[in-house]
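Visitor: I would like to see how this sequence folds:
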Amino acid sequence: MMVSIGIIEVSNIAKGYLICDNILKKTQVRMVMAQPICPGKFVMIFGGTVSSVHIACEYAQENFADKILDVSEFGNIDVRVFDALNGAASGETSGALGIIETFSVASCILSADAALKAAAVEICELRVARGMGGKSYVALSGTVAAVTAGVEAGAQFAIENGILNDTAIIASPHEDLWQYLQ
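Guide: Below is the predicted model of the structure:
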């Protein structure tokens with residue numbers, strides 16, 4: 001069962017794939033994402049129990065410290081965040097739309113988690129790093145009040161960590177806009 005998430009950012013793509021393979025062979029985590037990101041870095045996101053994620057992060061740090069730029073571990077992540085990372089966001093494409101844009105993968109994931117826990121919102125889309133210069137964003141749907149509360153909660157996490165880029169709340173998006181968030 002995935003309740004915890006680990007994120008490792010590596011300085012180059014070749015070592016990223018190597019570290020990813022080693023983690024999968026040596027630990028009991030499930031890879032959620034493993035891909036090159038701009039500018040020439042590699043990010044892997046994996047889930048599992050709190051202890052398995054900790055073991056995977058610790059293993060990577062002990063064996064590949066010279067290539068690792070950042071390691072983050074987070075517990076008690078809402079299952080909808082995992083679904084969205086796997087491209088299976090279940091959010092309604094109606095109601096209000098909220099966007100939280102951050103400068104890092106980890107901050108976006110935690111902002112999305114904070115938004116889901118703070119308000120009755122759903123994730124329409126969660127995009128992390130690829131093709132965006134390392135930035136990430138989450139799109140949320142729900143009532144105007146819920147989206148506002150969710151965006152505020154998610155943005156607050158990013159503000160506290162100095163990595164919020166911007167937010168937007170659209171009370172009633174044009175119906176054609178929703179097709180780009182599926």
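
Visitor: and the lengthiest helix in the chain, average pLDDT?
Guide: For the chain, the longest helix by residue count, based on DSSP state H, is helix 144-160. What helix 144-160 shows for mean pLDDT is 95.

Visitor: now do stretch 116-132
Guide: Average pLDDT, stretch 116-132: 90.

Visitor: and the spatially closest residue to Val144 that is not a sequence neighbour, what does it touch?
Guide: Nearest residue to Val144 in three dimensions, chain neighbours excluded: Ala96, at 4.4 Å (CB to CB, 6 or more residues apart in numbering). The way it works is simple: take the backbone N, C-alpha and C, and place the C-beta from them, glycine included. Residues in contact with Ala96 (CB atoms under 8 Å, 6 or more residues apart in numbering) are 141-144, 146-148, 169-173.

Visitor: please redo it, this time with the cut-off set to 10 Å
Guide: 121, 140-148, 150-151, 169-173 (CB atoms under 10 Å, 6 or more residues apart in numbering).

Visitor: helix, strand, or coil at the residue nearest the centre of the chain?
Guide: Residue closest to the mean C-alpha point of the chain, counted by CA atoms, centre = their mean, is Ile109 at 2.9 Å. Here Ile109 is recorded as helix under DSSP: H, G, I helix; E, B strand; the rest coil.

Visitor: surely it and Val81 touch.
Guide: Yes: Ile109 is within contact range of Val81, at 6.1 Å (criterion: CB atoms under 10 Å).

Visitor: identify the contacts common to these two.
Guide: Common contacts of Ile109 and Val81, defined by CB under 10 Å, 6+ apart, comprise 5, 32, 74, 126, 138.

Visitor: can you tell me the closest non-neighbouring residue to the fourth one?
Guide: Pointing back at Leu126 there. The nearest residue in space to Leu126 (CB to CB, 6+ apart) is Ala84, at 3.8 Å.
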